[in-house]
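S.K.: The following comprises the amino acid sequence and a computationally predicted model.
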Amino acid sequence: MLFNRVLITGANGLLGQALVHRLSQNREYDVLATARDDAPRFEDGSCGYAPLDVTQPDDVAQIFEDFTPNVVVNCAAMTDVGRCDEHRSEAWAVNARAVKTLAKHCRTSGARLVQVSTDFVFNGKRGPYDEQARPDPVNYYGRTKLAGENAVREAGRANWAIVRTVLLYGTGRDLRRSNIVLWVADQLSQGESLHIVDDQHRTPTHVDDLADGIERLLHHEATGIYHVSGADMVSVYELAGAVAQEFGLDASLVEPVPSSFFEDAVERPPRTGFVIDKARDELDYDPRPLDAGLRDVQESLQGFSGS
Ligand SMILES: NC(=O)C1=CN([C@@H]2O[C@H](COP(=O)(O)OP(=O)(O)OC[C@H]3O[C@@H](n4cnc5c(N)ncnc54)[C@H](OP(=O)(O)O)[C@@H]3O)[C@@H](O)[C@H]2O)C=CC1
Ligand SMILES: Cc1cn([C@H]2C[C@H](O)[C@@H](COP(=O)(O)OP(=O)(O)O[C@H]3O[C@@H](C)C(=O)[C@@H](O)[C@H]3O)O2)c(=O)[nH]c1=O
């Protein structure tokens, strides 16, 4: 079976935009991008677009009937970890129940489901994690994402893939949620000082590397769990310092603090990060080094301001 009719949900988000851009340039794929808004927030004339709120089962059913996808990449999610904790039923509806709906339609239609998931399914005591590690989320967002993973396994025997990633960064058009790299660069460029945690470690991921990893996964018709992230393990404080250095900003404005400094923040897993050997070996996935990723962000920001 050729996996060429690709339904992308959450297409207005950071990953959704990058994935739509990448797949719609590939003639192998007929892409339908969907998101909650009536119109796309990105510019890409080479794919179809339809509004879709994934929490509306009738609308999901209609899209499956109209487009008959043979692969679905679910990029839709509630990703604000604090908001997920405060608005639990909304978070569950998007991150867990909607995945169950997608899985049900994939099972009955025979479509493959590719679910994007997170390092926050782990407790962060023993990172970096490989695909065999046992999930144990420490916050509600992580619990909803793990429930989403479990729903995916119901998509049918071996007809699913779960792509877990870590701390995404990159650019996009009219993003509703910023990311750590854009936020640190923005604050420092305004001369604002920052308190940044030095006891949370991650393998930050350039969004185009993740989109590349997903394209490779589709091309190889790979199934099962894949860890797809950057390769460099850093503390978030080190990441902020690297942003300052690559963007030519004042690193002395970045002050290291422990997570306990943010008394009201939802708990985060301290040390996650991924072992990406499986993706390297099976998909030839090869993410860019962190410093190159940060330079790429800076260049694309210049492209945005110049356009
Ligand atoms: N960002 C990160 O650091 C990480 C992200 N991930 C995972 O990667 C995936 C993509 O995340 P990312 O692109 O960064 O997140 P974004 O928040 O940028 O994008 C998520 C998108 O989902 C959309 N969405 C939310 N609710 C619905 C709904 N009911 N129906 C349809 N669309 C909806 C949002 O729409 P709108 O724009 O209208 O709000 C948004 O565009 C998610 O599964 C996330 O859990 C995993 C690890 C790290
Ligand atoms: C706002 C802020 C954040 N931070 C740190 C906390 C955290 O480690 C990092 C990023 O904070 P955020 O709140 O943006 O993201 P956070 O919710 O920690 O990041 C997560 O996003 C979700 C969607 C995921 O799935 C995870 O993989 C993960 O990357 O920055 C500070 O140190 N100081 C600050 O003032």
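M.R.: Nice, I can see it. All figures in this text were calculated on a predicted structure; none of them were measured in a lab. Ligands and ions are numbered 1, 2, ... in the order given.
S.K.: What about the nearest residue to Gln25 once chain neighbours are set aside, how many residues nearby?
M.R.: Leaving aside its sequence neighbours, Gln25 sits nearest to Ser46 (CB to CB, 6 or more residues apart in numbering; 7.0 Å). All C-beta spots, glycine's among them, are computed from the backbone N, C-alpha and C. Using other CB atoms under 10 Å, Ser46 has 12 neighbouring residues.
S.K.: how about Ser46, what does it touch?
M.R.: 24-25, 31 (CB atoms under 8 Å, 6 or more residues apart in numbering).
S.K.: And it, how close does it get to Ala33?
M.R.: 10 Å (CB to CB, to the nearest Å).
S.K.: list the residues that contact both of the two?
M.R.: Overlap of the contact sets of Ser46 and Ala33 (by CB under 8 Å, 6+ apart) consists of Ser24.
S.K.: Specify which member of the contacts of Ser46 is nearest to Ile225.
M.R.: Closest to Ile225 out of the contacts of Ser46 is Val31 (24.1 Å), distances taken as CB to CB.
S.K.: Just give the nearest non-adjacent residue to the closest one, would you?
M.R.: Closest residue in space to Val31, ignoring its immediate chain neighbours: Cys47 at 3.9 Å, by CB to CB, 6+ apart.
S.K.: Over to Leu294?
M.R.: Glu246 (4.0 Å).
S.K.: Please name every helix or strand in contact with the helix or strand encompassing the one you found.
M.R.: Element membership of Glu246 [criterion: DSSP states H and E] is helix 236-247. Counting contacts by 3 or more CB pairs under 8 Å, 6 or more residues apart in numbering; DSSP states H and E, helix 236-247 packs against helix 180-189, strand 194-197, strand 201-202, strand 254-257, helix 290-306.
S.K.: what's the distance between it and the middle of its chain?
M.R.: Distance of helix 236-247 from the chain centroid (CA atoms, centre = their mean, to the nearest Å) equals 21 Å.
S.K.: Does that helix reach ligand 2?
M.R.: Yes - applying CB under 6 Å from any ligand atom, one finds helix 236-247 touching ligand 2 at Val236.
S.K.: what's the answer for stretch 83-99, then?
M.R.: No - shown here: stretch 83-99 not in contact with ligand 2 (CB under 6 Å from any ligand atom), separated by at least 8.8 Å.
S.K.: For that stretch, list the C-alpha coordinates in CSV.
M.R.: Provided in CSV are the C-alpha atoms of stretch 83-99 (Å, rounded to 0.1, in the frame of the first residue of the first chain):
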residue,chain,number,x,y,z
ARG,A,83,-2.9,25.3,30.8
CYS,A,84,-3.3,21.6,30.5
ASP,A,85,-3.0,21.4,34.2
GLU,A,86,-5.6,24.1,34.7
HIS,A,87,-8.0,23.0,32.0
ARG,A,88,-7.9,19.3,32.4
SER,A,89,-11.0,18.3,30.5
GLU,A,90,-10.0,20.4,27.5
ALA,A,91,-6.5,18.9,27.6
TRP,A,92,-7.9,15.4,27.8
ALA,A,93,-10.4,16.0,24.9
VAL,A,94,-7.6,17.1,22.5
ASN,A,95,-4.6,15.0,23.7
ALA,A,96,-6.4,11.8,24.5
ARG,A,97,-10.0,11.4,23.4
ALA,A,98,-9.5,13.0,20.0
VAL,A,99,-6.6,10.5,19.3
